[in-house]
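Peer 1: I need the structure of the sequence given here:
(4 chains)
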There are 2 protein chains.
Amino acid sequence: MTVSVSSPAERRRNKVRARILSAAERVFAREGANGLSIRRLAETIDYSPAAIYKYFSSKDELVDELKETFFELILENVNRIADTTTPFADRARDCVGTYVRIATDKPYHYAAAFAGESVSQTPVDGEAGFDESKKGQAFMVLSGMIAEGVEIGTFRPEIDPVLAAKSIWASMHGLAMMIAHIPTFPAFKPSQDAMSREAFIEYHADQVIRGLEAHHG
Amino acid sequence: MTVSVSSPAERRRNKVRARILSAAERVFAREGANGLSIRRLAETIDYSPAAIYKYFSSKDELVDELKETFFELILENVNRIADTTTPFADRARDCVGTYVRIATDKPYHYAAAFAGESVSQTPVDGEAGFDESKKGQAFMVLSGMIAEGVEIGTFRPEIDPVLAAKSIWASMHGLAMMIAHIPTFPAFKPSQDAMSREAFIEYHADQVIRGLEAHHG
DNA sequence: TTCTTTAGTGAACAGTGTTTACTTTTTGAA
DNA sequence: TTCAAAAAGTAAACACTGTTCACTAAAGAA
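Peer 2: Numbers count the residues shown, from 1 in each chain, chains lettered A, B, ... in the order given. Next comes the predicted model:
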């Protein structure tokens, strides 16, 4: 019984699609969305520019797929850490650090993922399907961890996990963007406090989480 | 004694320059850098596209000037608050709130100001002239305030003001970007915690500053 | 008034995303 | 195996973009 869940034609199509995406990924990582042109892309995979449009309806759609894949990567890594049995505080700091680290490893991906041309005036959109999106899932991992911290008494009892998660996400996001866009970020003003990127990420994670902590005694 | 510090020709030139900038400002605020095209701009001020290049050497340079002016606006406002004699904690929260509010009022300006195409691999650049830039001055106001907080004992004594300023700036930046790019940000997941933008900005400022505070008793 | 600098222009260059009409290839059924 | 239909791929064009160049018209200084 040949369970050909995918026909040869389909497989071939997916292969070409993947070739396009992989070529796009390479140039996007190095030069961002502006550096990625359909014509250049078509040339590197030896197709005509118009051919790309048999696989993606627009450049935006293509780039969206790169962004979604990128966020899958973040989610996988953060999830792996969240499910660990290491002490809670370490886990929390690890999550923040990992998120920021991956984001800054692919700055163009990260910036693009949050700069969805939008700046929309219609607050109704964008909210639909958030829970299902990778971004939404990452957010739920975060608020889940905060809820856990409140339960075991590490964090202040009056904290609303969803609210706090938004605040912390914003703080993480900020650091990621800073490092992505200001090349010298943690080390600018080298005068008194040259600090490594890694060390600063930890410092920031610490600072952010400290805002949640209960103070015993 | 006619102290003509500026010749009529010069004055006329500046006037045209200002007209270009003001037209550019309007469309940039509404549609961002992508919506701002030299040709469109030239049309609205009734000049030929090439004429723009007698006043600005490139579109980037023109946009840079919009960004710089925008940061002047932020700096002025934050400075005004910082110099106030209101209680320290209130002043600090006010500064954060004001910064984020202005940033989110002109999301395209703010996002563009931090997305200087860079993502540069050369960490030497960008550091030069930082102290003199508006961004650099805003940063100094912030670290100055933190130093003050440490001195009067509101903040933990072991805090390095410059380091903490970077962390807090990142957190502020994150919220500003979130609100700018996710239209529903503070209110997404309306299920349990619909919160106004203003209220959330205050919540975040509180959260961020709490990470610095000393705990008495 | 002449000479020189400046302001402003039309046309072109090189690039972009995208569409349309067209040809070639592949496919599934008769 | 043949044959119509569907899919893959293409060349050429459209409507844009930022930018430059050779050029004219105007203003300023001598």
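
Peer 1: Next, work out how far apart the most centrally placed residue in chain A and residue A:88 are.
Peer 2: Nearest to the geometric centre of chain A sits residue A:71, at 4.2 Å (Cα atoms, centre = their mean). From residue A:71 across to residue A:88, the span is 25 Å (Cβ to Cβ, to the nearest Å). Where C-beta positions appear, they are placed from N, C-alpha and C, glycine not excepted.

Peer 1: do the same with residue A:159
Peer 2: From residue A:159 to residue A:88 the distance is 14 Å (Cβ to Cβ).

Peer 1: follow-up on the earlier one: give the contact list for the residue nearest to the centre of chain A.
Peer 2: Taking Cβ atoms under 8 Å, 6 or more residues apart in numbering or on different chains as the criterion, residue A:71 is in contact with A:113, A:133, A:134, A:135, A:138.

Peer 1: so of those, which ones are in helices?
Peer 2: The helices, defined by DSSP state H, take in A:113, A:134, A:135, A:138 from these.

Peer 1: ok, how many other residues are close to residue A:179?
Peer 2: 24 (other Cβ atoms under 10 Å in any protein chain shown).

Peer 1: follow-up on the earlier one: which one of residue A:159 and residue A:88 is surrounded by more residues?
Peer 2: The residue with more neighbours, out of residue A:159 and residue A:88, is residue A:159; 20 against 14, by other Cβ under 10 Å.

Peer 1: Make sure that one is indeed in a helix.
Peer 2: No. Residue state for residue A:159 (DSSP: H, G, I helix; E, B strand; the rest coil) corresponds to coil; a helix is not indicated.

Peer 1: hang on, it packs against residue A:145?
Peer 2: No. Under the criterion of Cβ atoms under 8 Å, residue A:159 makes no contact with residue A:145, lying 12.0 Å away.

Peer 1: any idea how far whichever strand or helix holds residue A:70 is from the chain center?
Peer 2: Following DSSP states H and E, one finds residue A:70 within helix A:59-82. Put simply, helix A:59-82 sits 6 Å off its chain's centre (Cα atoms, centre = their mean, to the nearest Å).

Peer 1: Going by neighbour count, which residues in that helix are buried?
Peer 2: Within helix A:59-82, the residues scored as buried using 16 or more other Cβ atoms under 10 Å in any protein chain shown are A:59, A:62-63, A:65-67, A:70-71, A:74-75, A:77-78, A:81-82.

Peer 1: Stretch A:17-37 too?
Peer 2: Using 16+ other Cβ under 10 Å as the test for burial, stretch A:17-37 gives A:20, A:21, A:23, A:24, A:25, A:27, A:28, A:29, A:32, A:33, A:36.

Peer 1: and of these, the nearest to chain B?
Peer 2: Of all those, chain B sits closest to residue A:32, with 6.8 Å by Cβ to the nearest Cβ.

Peer 1: for the strand or helix carrying that closest one, packing partners?
Peer 2: In this structure, residue A:32 sits in helix A:8-35 according to DSSP H and E. Contacts defined by 3 or more Cβ pairs under 8 Å, 6 or more residues apart in numbering or on different chains; DSSP states H and E place helix A:8-35 against helix A:38-44, helix A:59-82, helix A:107-114.

Peer 1: Is DNA strand D within reach of the helix holding residue A:70?
Peer 2: No. Contact of helix A:59-82 with DNA strand D (Cβ under 7 Å from any atom of the strand) is absent, the minimum separation being 12.9 Å.

Peer 1: Only C-alpha atoms, please: export that helix in CSV.
Peer 2: Extracted in CSV, the C-alpha atoms of helix A:59-82 (Å, rounded to 0.1, in the frame of the first residue of the first chain):
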residue,chain,number,x,y,z
LYS,A,59,7.9,39.4,-1.9
ASP,A,60,6.2,40.2,1.3
GLU,A,61,4.7,36.8,1.5
LEU,A,62,8.1,35.2,0.9
VAL,A,63,9.7,37.3,3.6
ASP,A,64,6.8,36.5,6.0
GLU,A,65,7.7,32.9,5.7
LEU,A,66,11.3,33.6,6.6
LYS,A,67,10.1,35.5,9.6
GLU,A,68,7.8,32.7,10.7
THR,A,69,10.5,30.1,10.4
PHE,A,70,12.8,32.3,12.5
PHE,A,71,10.2,32.6,15.2
GLU,A,72,9.8,28.9,15.2
LEU,A,73,13.5,28.7,16.0
ILE,A,74,13.1,31.1,18.9
LEU,A,75,10.1,29.2,20.2
GLU,A,76,11.8,25.8,20.1
ASN,A,77,14.8,27.0,22.0
VAL,A,78,12.8,28.9,24.6
ASN,A,79,10.5,26.0,25.1
ARG,A,80,13.3,23.6,25.6
ILE,A,81,14.6,25.7,28.4
ALA,A,82,11.2,26.4,30.0
